[in-house]
Every structure is written in C-alpha cells, then in structure tokens.
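A.B. asks: Could you look at this predicted model? Sequence included:
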Number of protein chains: 2
Amino acid sequence: MSDPKVLIIGAGLLGTSLGLALSRQGVVPAIEDLSKANQRLAIEYGAGVKPFQEPDLVFVCVPPDFTAQAVVNQLKKYPKAIVTDVASVKAFILQEVASQVTLAELARYVGSHPMAGREKGGPGSARADLFFARPWVITPRVDNDSLAVALIRDTASRLGALPIELSVERHDSAVALVSHLPQLLSSLLAARLVAGSEEQLNLAGQGLRDTARIASSDSDLWIQIISQNAPQILPLLVDLQSDLNQLVASIANLDEVGALARVHSILDAGNRGVARIPGKHGGKFLEYQLVTVVIDDSPGALAGLLVFIGEIGVNIEDLKLEHSPGAAIGLVELQVLPESAGRLVEKLSENGWRLV
Amino acid sequence: MSDPKVLIIGAGLLGTSLGLALSRQGVVPAIEDLSKANQRLAIEYGAGVKPFQEPDLVFVCVPPDFTAQAVVNQLKKYPKAIVTDVASVKAFILQEVASQVTLAELARYVGSHPMAGREKGGPGSARADLFFARPWVITPRVDNDSLAVALIRDTASRLGALPIELSVERHDSAVALVSHLPQLLSSLLAARLVAGSEEQLNLAGQGLRDTARIASSDSDLWIQIISQNAPQILPLLVDLQSDLNQLVASIANLDEVGALARVHSILDAGNRGVARIPGKHGGKFLEYQLVTVVIDDSPGALAGLLVFIGEIGVNIEDLKLEHSPGAAIGLVELQVLPESAGRLVEKLSENGWRLV
C-alpha cells in the first residue's frame, strides 16, 4: 500500500499529536482548523502542511459535539476519501452521521478511538508519541469497505498504536466502565473538597491526589462525552448508587447484625476489581521487572549508577527516583526486561551498590 | 532534652519504619511484637533492640482495633512513661482508653497520627524515610502534661516529620474527608470492575489506574478505621449520596431543562475541589521547577545527561523517565530547585540537549 494522502481536521491535542506522529513516519499530512492560530501553531510544530490536494484519508479530530457534522462535511467534500474520527463515544456519532449521508457515503466512514490523551489540551500539549503502545479502537461495520478499515488499522499500527476492532456498542460500553465512570467518581469526590477547610486539605496525601487527579479534566469536553454516552453510563451509575446506598445504610447502623460484613464485602470487591486491571502496558504486553537501588543524595550519584548500568549494557525501560527532599539517600526504581534483571542485580551487588 | 528511652509496641510497617528512623537519629529504640518473627525481622533490619529497660516514651503501633488496649496496658505497666499511638482515628481510641485508666494515667497519653503509609504492610516494607516531610498530627488535651506533648513533637521533628497540633475531633473530621472518603470511593469504583469483561478492562488507561489504586488497600485494616470513624464519615457519604442521586436523575433525563447544567455543575465543582489540594510536598513547602529533556533510547543516553548535569553542579530533586517501550526517544522529567532551573536550561540548550 503506498502512503495515503492524509488530511487532519482539528489542530488540538489529538490532531496535532497525530500530525507529529505521521510526519515522523514520513507521511506528512495536511492539517486545518477553524482557529487559524491553532492551525499555524500545529504547522510550525511540524504537524503538517496547509491543505493543497484531495485526501485519501481524513481524520476528524474536533470536540465530540462537532464531530458528526465535521464527518458529514468531509464525506461530502471528498467523494473518494475514507473518513474517520477520534471521538471517545461512537454510537451517537454514527447515528448522527447516518441520518445525514447516503449509504454510499456512510460506507466510507469508519469510527475510531485512540485511547490516548492528556489532562492538558491544545496544540501546545501535543506529543508525537501520544499514541505509542496505546490501544486504538476501530469500529468497523458490515457496510464498510474492508480496504477502508485496513487503511485506518495500518495507519494506527505505523504510529505504534495497538489497533483493536470492536463494534460501536461494545466500544461504548467498555469506555463507560473504564473511562467515564472513573471520571464521574473522581469528580464527585473532588466536589466534596470544595466544602473542606484549609486545615483539612493540608493533610491530603497521595491517595487523595491520585483518586481526585482526573477531576481536573475539562468539564466542557466531558459534558459532551457524558451526554453522548448516557445510555451506557446510566446502568453503571445505578449499580454504583445501589452499592453506595448499602454502604451508607450499613455505616449509619454499624451495630446491626451484618452491617460490618456488608461494608467489608464492598472493600473486598474493590480489592478484587482493582486486581483485574491489566499492567501499565496492558495485560497482553510485556511486564518489566523492578530493581530498586539505594544511592547517596549527591549530584553525581544517579549519574554514576547509570554510567555503570550503561557499561554492563543493560537497557533501562523506565526509571523513577524516590527521594525525600533533604534526605541523605534516594531510592532509584529501575524497570528492566525480565531477562536482564538477574544480571543487573548480580553486577550491582558485586560492585557494592545497595539494593532494596 | 536528653535522648528519651523509646519503646515501640508492634513491628509492622509503621513500628519498624519508626524504629529505623529513630535508630538513624542515634535514638535506638526497644521494639516488641506479639509475633516473634516480626520482632526478630525488625531487629535484624536495624529497627531496634529487645526491651531491657523502663522506657520514657512508648509508641503503640498495632492495628486500630488493638490500639486502645495496648495503650492502656503500657500506661499501667510503665507508670512514668509517656504513651502515644499512631492509629488513624483518634476520638474512638481516646474514649476507650479513658474508660479504663485513672485520670493520672490518662494525662500521660497523647494520641498522634503520622500521615504516612504504604499499600504494602509488614516489617519488610518498612522505610527509614517513611515519615520524612509528612504531616504528623498530635492531639494534645488540656489534661496533658505539656512536657509529654513536647516530647512527642520533638521526636516527630527529629524524624523530619512536620508536627501539627489538632484536637481529636478536628483530626478525625479532616481524615474522614481527605483519607477515608477517597478510600471508600475508590473501593466503590473498583468493585464495579468485578462485573467487567476482559475486553473492557483491556482498554483501561492511567485515569482508571490512578482512581482505583487505593482500592487495593488491606480491607481488614480499613474495616477497623471505618468503624472507628463512622460518625465523621457518615455525613460526608450522605452529601456524596445526594450528589450522586442528582447526577443519576439528570443523566436519566438529559432532555429535561436544567439536567445538563446539573451534570456540568458537579464536574465543575470537581475542578474547583481538586484545585484546592496542596502540592506534592504540601502547600506550605517548597515547589520544584520541572525541566523536561528529550533523550535517545540508548543504554548510555540517560547516563550521559546525568553526567552532564553533575558536571555543571545542579542537584536533581526528583526524576521521572517517560518512555514508551520501543520508541526512539524518551522524555526525562527533572525536578530542580527554582534557583537552579534557569542555569540548567541554559547549559543544556547551549550543549545541544533537546528541551520540551
């Protein structure tokens, strides 16, 4: 398959990141945005060029509420192009598009959803590796041309993303559980902090920070996502409401027989639920092994460790420095391939490094 | 004040960490545990010695349900010692202790709560820097000897913790909001994952991981905490229940006038609530400045960067490697003191390092 001529509509976080990633693969796309400032910024970043030719493949990367209309416009404007979008709810958009185009036009539309993002939006937050090693859901239908689906799948693969094919319904039900429900819970929790005192919030620890982190997401964007996926979100929220009602009733009457057991069963279900989340890179993917090394708190200490590891030829996949300010030592958490871990531990120990 | 003779009751995560931290400060404590294996492990780690003398200060570090009885036992066993505990709920324990001791004995008890912990328990997870730069709440009462309070405050300070004095009621109300409510929400969310399919969970991203992380906490420990602090937790849960009821009603009837605005107001309150959480080291403490550098994905690349930074004499306070496996580049996020950031950026740029 020769390189497709790609057009990106929307130079926000996703559109600009897509442009950067495609350009790096040698497929320089055209990119346009209603905001001339965003378009210019994206082009200056190297995310593409101004449109100058008829595209083979159009990525619609505009906010959810404008996605269906933009898809319709592109299907009609470019009668031979395959059109896809990157919005996070698929059934609603498909329905809107289907009501405004011919069957022949609809056959050229395949919804998709790269499972990637950041809390910060806009072209300035774009990153060429945003899609790398992330699932990219494609929602083919029986009326789609199989070449259209293959073109999107191949493009996602070239960017290092992991294409997964799902029906629109199964996609929407999955994201309701793993993305939309956590967002709403995090917002509900963080909303309770508004009434907290400064004295109380000063005691906040990492648990609260992690649980409330995504509550900082763009509420204007999320209101669109929640509206579009309400049919899938509602039953999950109702189940959660029932658990919460049970929890409140139990905590209000802890002396009643069985009350404590009901609280425990929810905590216990939480234990089992969180254990089902696949590892950082997804359950199917490689798991790294953790090696923790103690170092002194001096400017050269970490460098010395890494020079040593470089000399023995071990590649570090991920590194985290755990370091209390002013403490005399730091802990370096190294993630390495399982086959390298044994040799790394052995060489470090032999050479006097302290392992935890 | 000369060094106190310290006894630690309970060689779990907190007791052993406390022993390690005190030993590092030259105050080697005695440490005991009903489990001889735990006690021996803690002593072998360097967290203290076997009890051999009458203590001045006793830290009770046993699970919440056993804390009050252990405090009572220590007050009676050592008639001159100051006794404190590290349990995360204070009013309940005070009430239990008060009902079993004389007023003179009670005057020697001051509850405290170091706001530190890990998801993993046991002496093997202990760390000498567990309390460093973390709040350590002390709950003095009018009947306490001021020297008793000062002894605990000074000891916490020597370990690098940040002593904060609060009444037991204000402490319990604060932790209900910033610790117990997030725990319950995270558990409620994760409990919903039990019914999810593998296909759905494979789409999990960082948002779900962060929100559900603390759902993996020890449910046997948490049932004790929740029982003891039920009076403070209940009103918060009832408020949250009311928000959730409103959210469910709105999402079930999105076409009704005002429904969307009600959903938006909860997301918006979440935005405002999360913005109130102080920074990583607490609002009052130093904030570092972030410098992000692009490096190649080669064994020596990170080492080369750190050697360079060592040569220009800049100390790195924290470091995170953002790295998609197999990608050609990695992003190194460096946290440095604000006064070092300008020079670091300048020197890196001059020498051809790519900054983001």
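C.D. replies: Received the coordinates, thanks.

A.B. asks: Which parts of the stretch 51-200 of chain A are helices?
C.D. replies: Taking DSSP state H, counting those that start in this stretch to define them, one finds helices in the stretch 51-200 of chain A at A:64-77, A:91-98, A:103-107, A:146-158, A:168-175, A:181-193, A:198-201.

A.B. asks: winner for burial among the ones you listed?
C.D. replies: For those, the largest average neighbour count (mean count of other CB atoms under 10 Å in any protein chain shown) is found in helix A:181-193, namely a mean of 26. Backbone N, C-alpha and C define where each C-beta goes, glycine included.

A.B. asks: Packing partners of that one?
C.D. replies: Here helix A:181-193 is seen to pack against helix A:206-212, helix A:219-228, helix A:230-252, helix B:181-193, helix B:206-212, helix B:230-252, helix B:259-275 when contacts are counted using 3 or more CB pairs under 8 Å, 6 or more residues apart in numbering or on different chains; DSSP states H and E.

A.B. asks: Need these in JSON lines (columns: mean pLDDT).
C.D. replies: Formatted as JSON lines, the entries for the helices and strands packed on helix A:181-193 read as follows, by pLDDT from 0 to 100:
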{"stretch": "helix A:206-212", "mean pLDDT": "93"}
{"stretch": "helix A:219-228", "mean pLDDT": "95"}
{"stretch": "helix A:230-252", "mean pLDDT": "98"}
{"stretch": "helix B:181-193", "mean pLDDT": "98"}
{"stretch": "helix B:206-212", "mean pLDDT": "93"}
{"stretch": "helix B:230-252", "mean pLDDT": "98"}
{"stretch": "helix B:259-275", "mean pLDDT": "96"}
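
A.B. asks: Go through those helices and name the closest to A:Gln25.
C.D. replies: With respect to A:Gln25, and counting by CB to CB, the nearest of the helices and strands packed on helix A:181-193 is helix B:206-212 at 24.6 Å.

A.B. asks: List the buried residues in the closest one.
C.D. replies: Along helix B:206-212, these residues count as buried under the neighbour rule (16 or more other CB atoms under 10 Å in any protein chain shown): B:Gly207, B:Leu208, B:Arg209, B:Asp210, B:Thr211, B:Ala212.

A.B. asks: and chain A, which of these reach it?
C.D. replies: Restricting those to those adjacent to chain A (criterion: CB under 8 Å from any CB of the partner chain) gives B:Gly207, B:Leu208, B:Arg209, B:Asp210, B:Thr211, B:Ala212.

A.B. asks: which non-adjacent residue is nearest the fifth one?
C.D. replies: Okay, so that is B:Thr211. Across the structure, with CB to CB, 6 or more residues apart in numbering or on different chains as the measure, the residue nearest B:Thr211 apart from its sequence neighbours is A:Pro182 (4.3 Å).

A.B. asks: if we can go back for a sec, so which of the helices and strands packed on helix A:181-193 has the densest surroundings on average?
C.D. replies: Of all the helices and strands packed on helix A:181-193, helix B:181-193 has the most neighbours on average by mean count of other CB under 10 Å, namely a mean of 26.

A.B. asks: can you give me the angle that one makes with helix A:230-252?
C.D. replies: Helix B:181-193 and helix A:230-252 meet at an angle of 130 degrees, taking axes from the mean of the first three to the mean of the last three CA atoms, to 10 degrees as the criterion.

A.B. asks: Tell me who's in contact with the most centrally placed residue in chain A.
C.D. replies: Here the mean C-alpha position of chain A is nearest to the C-alpha of A:Ala116 (CA atoms, centre = their mean), at a distance of 3.0 Å. Taking CB atoms under 8 Å, 6 or more residues apart in numbering or on different chains, we find A:Ala116 in contact with A:Leu14, A:Ser17, A:Leu130, A:Phe131, A:Arg134, A:Ala161, B:Gly205.

A.B. asks: May I ask which two of the residues you listed are separated the most?
C.D. replies: When those are compared pair by pair using CB to CB, the two farthest from each other are A:Ser17 and B:Gly205, 15.2 Å apart.

A.B. asks: Who has more neighbours out of these two?
C.D. replies: Here A:Ser17 and B:Gly205 are compared on neighbour count by other CB atoms under 10 Å in any protein chain shown; more neighbours surround A:Ser17, at 29 against 19.

A.B. asks: got a list of what the more buried one touches?
C.D. replies: When the contact criterion is CB under 8 Å, 6+ apart, the partners of A:Ser17 are A:Ala47, A:Ala116, A:Ala126, A:Arg127, A:Ala128, A:Leu130, A:Phe131.

A.B. asks: mean confidence score for the strand or helix carrying it?
C.D. replies: In this structure, A:Ser17 is located in helix A:13-24 according to DSSP states H and E. For helix A:13-24, mean pLDDT rounds to 94.

A.B. asks: How about residues contacting the helix or strand of chain A with the lowest mean pLDDT?
C.D. replies: Across the helices and strands of chain A, mean confidence by mean pLDDT, DSSP states H and E is lowest for strand A:318-322: a mean of 75. The set of residues external to strand A:318-322 that reach it, using CB under 8 Å, 6+ apart, is A:288, A:302, A:330-335, B:302, B:316, B:318-321, B:323.
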